[in-house]
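Colleague: Below are the sequence and a predicted model; questions follow.
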Amino acid sequence: MSTLTLLAPGDEFKPPGLELFDAAPIISGVAWFTKPVLLALLSSVIVIGFCWSAFGNPKLVPRGVQNVGEMGYMFVRDQVARPFLGKDADRWMGLLLSMFFLVWVWNLMGVIPVLQFPVASHIAFPIVLALSVYVLKIYLGVKHQGVIGYFKNMMFPPGLPKPIYVLLAPIELLSNMIIAPFTHAVRLFANMFAGHIILAFFSLVGFWFLFEKLTPLGAPLGVVGVVMTIAMTGFEMFIQFLQAFLFAMLAAMYIGNSLHADH
Amino acid sequence: MPAMSEKKIRPEDDGRDFANAAWSIPSYLLSGMILYGGAGWLLSEWTGVVAFTPIGLILGVALSVYLVYRKYGR
């Protein structure tokens, strides 16, 4: 901080902070309608539109959008659904595919010029998805294993010495019922939140030292900022894809574990 | 309990087990630490013996690691 202050005499360089995530209502008086809400709606429209044009009128020999859509479908089916759901994979493809595409588009909003806001960096959005998966997971578990069977299979994995269950069953319960859905939402949120701050920080460094306060000493720092912004944008796009994949994958994992008890 | 060599290994189950384990570990570790670390902290508060908190934390981690090992490690 002190070096930055030395390089920019007069006004102090202020790194971006939480104010990045304060969203004012777009229409005054409608408090809930903010930029992330607008982007979330836009994302839904994009995903619906994409799926419609890709799968609405399928041809035997796929061309254009259908080709791209089928690549996405194959990826989700082979990497997300089948490893965890096996023969049940096809039944759950609708949910998993929509979830993967939606989260990915949410995340991509963070690097699309002008929009530049990852929807999932407001934790409410991942919480809604994670909560839906959580409810679905418990419903399926109870449906397929029975209330007692579900909790018994969850808390008492077979093959452990009897006395140790007293110590391990609470860990299983806490892990499956509270920590797992919590980390499901937080993992996506935290990645998008941190990524947005990093991008904002480096682009502000570039802007500040090259445009706002151009000094001979500061200019190289500004160049570093610009280069890092470009590099980090690329890295961020990788993370955005990865987190969308992980979110859908964990959903598939929870569903799979509810359909069939571990071992 | 069948031995390692007798266990039927289907490729899709193998992948599922591995990913299950990999993604369950953080949540098990957290749960163990919160549960037994929390219990240890409560004991420290009541008895005034500060050592209970770290003992609880370490016990929690050890139990979680043991659980993951027994569930997925064999």
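Modeller: Happy to help now that I have it.
Colleague: contacting residues around residue 28?
Modeller: Assuming you mean chain A. A:Ser28 makes no contacts at all, as judged by Cβ atoms under 8 Å, 6 or more residues apart in numbering or on different chains. For every residue, glycine as well, the C-beta is placed using N, CA and C.
Colleague: other chain: chain B
Modeller: A:Ile171, A:Ser175, B:Ser64, B:Leu67, B:Val68.
Colleague: What subset of those residues is buried?
Modeller: A:Ile171, A:Ser175, B:Ser64, B:Leu67, B:Val68 (16 or more other Cβ atoms under 10 Å in any protein chain shown).
Colleague: Pull the contacting residues for B:Pro54.
Modeller: Taking Cβ under 8 Å, 6+ apart as the test, what B:Pro54 contacts is B:Gly40.
Colleague: how near is it to A:Leu174?
Modeller: Applying Cβ to Cβ, to the nearest Å, the value for B:Pro54 to A:Leu174 is 20 Å.
Colleague: quick one: low-confidence parts of the chain?
Modeller: If you meant another chain, say so; for now it's chain A. Along chain A, the model assigns pLDDT under 70 to residues A:1-11, A:262-263.
Colleague: meant chain B actually
Modeller: By pLDDT under 70, the low-scoring segments of chain B are B:1-16, B:74.
Colleague: Tell me the residues on chain B that lie near chain A, please.
Modeller: Neighbours of chain A within chain B, by Cβ under 8 Å from any Cβ of the partner chain: B:1, B:12, B:15-16, B:19-20, B:23-24, B:26-28, B:30-32, B:34-35, B:60, B:63-64, B:66-67, B:70-71.
Colleague: taking the residues you listed one by one, which sit in helices?
Modeller: Members of the residues of chain B next to chain A lying in helices (criterion: DSSP state H): B:12, B:15-16, B:19-20, B:23-24, B:26-28, B:30-32, B:34-35, B:60, B:63-64, B:66-67.
Colleague: A:Ser98 sits in which helix or strand?
Modeller: Following DSSP states H and E, one finds A:Ser98 within helix A:89-108.
Colleague: Name the residues that touch that helix?
Modeller: Applying Cβ under 8 Å, 6+ apart, the set of residues contacting helix A:89-108 is A:39-40, A:43-44, A:46-47, A:50-51, A:72-73, A:76-77, A:80-82, A:85, A:118-120, A:125, A:129, A:188, A:192, A:237, A:239-241, A:243-245, A:247-248, A:251-252, A:255.
Colleague: buried sites along that helix?
Modeller: In helix A:89-108, counting by 16+ other Cβ under 10 Å, buried: A:89, A:92-93, A:95-108.
Colleague: then that helix to CSV, C-alphas only?
Modeller: Presented in CSV, the C-alpha positions along helix A:89-108 are these (Å, rounded to 0.1, in the frame of the first residue of the first chain):
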residue,chain,number,x,y,z
ALA,A,89,-28.1,-40.8,-16.4
ASP,A,90,-30.5,-40.1,-19.2
ARG,A,91,-33.4,-39.4,-16.9
TRP,A,92,-31.5,-36.7,-15.2
MET,A,93,-29.9,-35.1,-18.2
GLY,A,94,-32.6,-32.4,-18.5
LEU,A,95,-31.9,-31.1,-15.0
LEU,A,96,-28.1,-31.5,-15.2
LEU,A,97,-27.8,-29.9,-18.6
SER,A,98,-29.9,-26.9,-17.7
MET,A,99,-28.0,-26.5,-14.5
PHE,A,100,-24.6,-26.7,-16.2
PHE,A,101,-25.5,-24.3,-18.9
LEU,A,102,-27.2,-21.8,-16.6
VAL,A,103,-24.4,-21.7,-14.1
TRP,A,104,-21.9,-21.4,-16.9
VAL,A,105,-23.8,-18.4,-18.5
TRP,A,106,-24.1,-16.8,-15.1
ASN,A,107,-20.4,-17.0,-14.6
LEU,A,108,-19.6,-15.9,-18.2
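Colleague: Kindly export the helix or strand following that helix (C-alpha atoms) in CSV.
Modeller: Per DSSP H and E, the first helix or strand lying C-terminal to helix A:89-108 is helix A:124-145. Extracted in CSV, the C-alpha atoms of helix A:124-145 (Å, rounded to 0.1, in the frame of the first residue of the first chain):
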residue,chain,number,x,y,z
ALA,A,124,-28.4,-15.8,-3.0
PHE,A,125,-28.3,-17.2,-6.6
PRO,A,126,-26.1,-20.3,-5.9
ILE,A,127,-28.0,-20.8,-2.6
VAL,A,128,-31.3,-21.2,-4.6
LEU,A,129,-29.8,-23.8,-6.9
ALA,A,130,-28.0,-25.6,-4.1
LEU,A,131,-31.1,-25.6,-2.0
SER,A,132,-33.2,-27.1,-4.9
VAL,A,133,-30.6,-29.9,-5.2
TYR,A,134,-30.7,-30.4,-1.5
VAL,A,135,-34.4,-30.8,-1.4
LEU,A,136,-34.3,-33.1,-4.4
LYS,A,137,-31.6,-35.2,-2.8
ILE,A,138,-33.5,-35.7,0.4
TYR,A,139,-36.8,-36.4,-1.4
LEU,A,140,-35.1,-39.0,-3.7
GLY,A,141,-33.2,-40.6,-0.8
VAL,A,142,-36.4,-41.0,1.3
LYS,A,143,-38.3,-42.2,-1.8
HIS,A,144,-35.8,-44.8,-2.8
GLN,A,145,-34.4,-45.9,0.6
